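Student: using only what follows, build the 3D model:
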Amino acid sequence: MIQNNCTKKRIKPKLLRDVKTEALLVFARTALERFFERVDQDDWKPIVGTDDDTIYIYDTLRNLKDQLQECVVNVDYLISLVQSAKEHPELRSLAKFEEPLITYYDVMAKKVEVNIPENQTWWIPELIVVCTLSQWISEEEKSIVLYPFLKDIDYTKLISKFEIYGQSLKGEKKDIIINMHIMSEKIIEKLKQTKYKVNKGRISKSRKKRK
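Tutor: Sure thing, here's the model as predicted:
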C-alpha cells in the first residue's frame, strides 16, 4: 500500500478551496526537504547576513520542515501514487481523490521549472517558500485554521533578513532576492488562477446498469 509519509497524522482538507493551501504546503515541504538534504549531505552551512540572522532563519525553516512532515505529504507520495495506480486498479480511486492536490501542485512546480535560472546556485528555494507562504497567508488572507503552527512564523522578519543580505550582493547576484520575489508572485498567481473541474456529469457503470 502507498504510505502518505507523514510522521504523525496527515491533515487532509475536506473543502476543495483548502486543497490549494495543502498544495502550497506540499510544495513547501518538498522544497525544504530537498534543501536541507543538500545541506546535511554536503555538510554545508548556508549564510545569510550575520551569524544570528543565519541561525534564526534556518532554525525557523528546519522547524517548519519538521512540522510539515508531521501532517502534510510531499511530492514523493504523489508521484508514487500516480505511478502505482497505473499498475494497481485498487489505487485508482485514491489517485482520483488526490487529483485536485496533484493538479494544484503541478502548476506550481511547472512555474518554477520554467523560471529557474540556468545557474541554480543563483537562486534561493528557501526564500521562495517563505515568500509564497507570506503572500498566501498575509496578502491573500487564506485560511490556515487546519495548520495553526503556520501562525507562529514571522514571515516579514524572515523576508527582511534576506533583503538586508541581498543589499550586500554584487555583480550577477545582486538581483537574486528581487528575482525570488518575482518568481514567488508568479507561483501564487498561477495557483490562484488554476481551477479544478469536478466531472459532475460522470455516471458510474453500476448506476447505468440500474437504469
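
Student: from Trp136, how far off is the residue positioned nearest the centre of the chain?
Tutor: By Cα atoms, centre = their mean, the chain has its centre lying nearest to Phe27, at 1.6 Å. Computed as Cβ to Cβ, to the nearest Å, the Phe27 to Trp136 distance reads 10 Å. (Each C-beta comes from the backbone N, C-alpha and C, glycine too.)

Student: so after the host helix or strand of Lys65, what's the next helix or strand?
Tutor: Assigning secondary structure by DSSP states H and E places Lys65 in helix 51-71. The helix or strand immediately downstream of helix 51-71 is helix 75-87, counting by DSSP H and E.

Student: buried set for that following helix?
Tutor: 75, 77-78, 80-81, 84-85 (16 or more other Cβ atoms under 10 Å).

Student: number of residues surrounding Ile164?
Tutor: 14 (other Cβ atoms under 10 Å).

Student: what residues are up against the closest residue to it other than its chain neighbours?
Tutor: Of all residues not flanking Ile164 in the chain, Gly49 sits nearest, at 5.9 Å (Cβ to Cβ, 6 or more residues apart in numbering). Contact analysis of Gly49 by Cβ atoms under 8 Å, 6 or more residues apart in numbering lists 161, 164-165, 168.

Student: in the longest helix seen in the chain, which residues are buried?
Tutor: Ordering each helix of the chain by length in residues (DSSP state H) puts helix 16-41 first. For helix 16-41, the neighbour count (16+ other Cβ under 10 Å) marks 18-33, 35-36 as buried.

Student: where does this structure have low pLDDT?
Tutor: Residues of the chain meeting the criterion pLDDT under 70: 1, 117-121, 199-211.

Student: switch to 90 and redo it
Tutor: 1-3, 41-47, 49, 113-123, 169-175, 197-211 (pLDDT under 90).

Student: Trp44 against Arg38, yeah?
Tutor: Yes - if you go by Cβ atoms under 8 Å, Trp44 and Arg38 touch, sitting 6.9 Å apart.

Student: show the contacting residues for the residue nearest to Leu32 when sequence neighbours are not counted.
Tutor: Closest residue in space to Leu32, ignoring its immediate chain neighbours: Lys65 at 4.0 Å, by Cβ to Cβ, 6+ apart. Lys65 makes contact with 29, 32-33, 36, according to Cβ under 8 Å, 6+ apart.

Student: quick check, nearest of the residues you listed to Trp123?
Tutor: Nearest to Trp123 among the contacts of Lys65 is Leu32, at 14.6 Å by Cβ to Cβ.

Student: thanks a lot, see you next time.
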